[in-house]
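>>> Structure for this input, please:
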Amino acid sequence: MKHFAVVQHSYSEFLGIVESQLEKRDIGFSYFRVFLSGELPGNALTFDALFLLGGPMSPLETEKHEWLEQEIKTIAMFRKNRRPVVGFGLGALLLAKYEGAELQLEPYHNAYFTTAHATEAGKNDPLAQAVDGAKVMVW
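Next up, the predicted model:
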């Protein structure tokens, strides 16, 4: 039976309907409520994948949320052990930061449209190619 680690950043973020889909496929999961305990998975080999959920904080607020830096190390541990890492919202931003993205603080509520451009790093990425030249919303 597969077992996924799920990092939860707030009470309001959880797998939701994904839980029932995992259960139907006989995939177990364990929540790590990092915002309460600071606890993160200690060993990537114990799990088959890592899910990083959303949250209300910025991935750059490391002074306020000290566990954010440790979460980057957790991502590194899973990637080093060739375990899949899936990020939603804040989790996706942390994964992007790990992969070398340059993040910056934005106003709390900021949404606008821009044109997406595939970079050299995305030349073989189907998603990057699919949105290349398309109008996308940044939020």
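
>>> Could you report the distance from residue 111 to residue 80?
35 Å (Cβ to Cβ, to the nearest Å). The C-beta positions use only the backbone N, C-alpha and C, and glycine is treated the same way.

>>> What ranges does this protein have for its strands?
Taking DSSP state E to define them, one finds strands in the chain at 2-8, 27-33, 49-52, 85-87, 112-115, 135-138.

>>> State the distance from residue 70 to residue 86.
Counting by Cβ to Cβ, the gap from residue 70 to residue 86 is 19 Å.

>>> Residue 131 too?
Note on residue 131: its distance to residue 86, by Cβ to Cβ, is 19 Å.

>>> Same check on residue 118?
Taking Cβ to Cβ, one finds residue 118 at 21 Å from residue 86.

>>> quick one on the thing from earlier: ranking the strands of the chain by burial, who's on top?
Greatest average neighbour count among the strands of the chain goes to strand 49-52 (a mean of 24), per mean count of other Cβ atoms under 10 Å.
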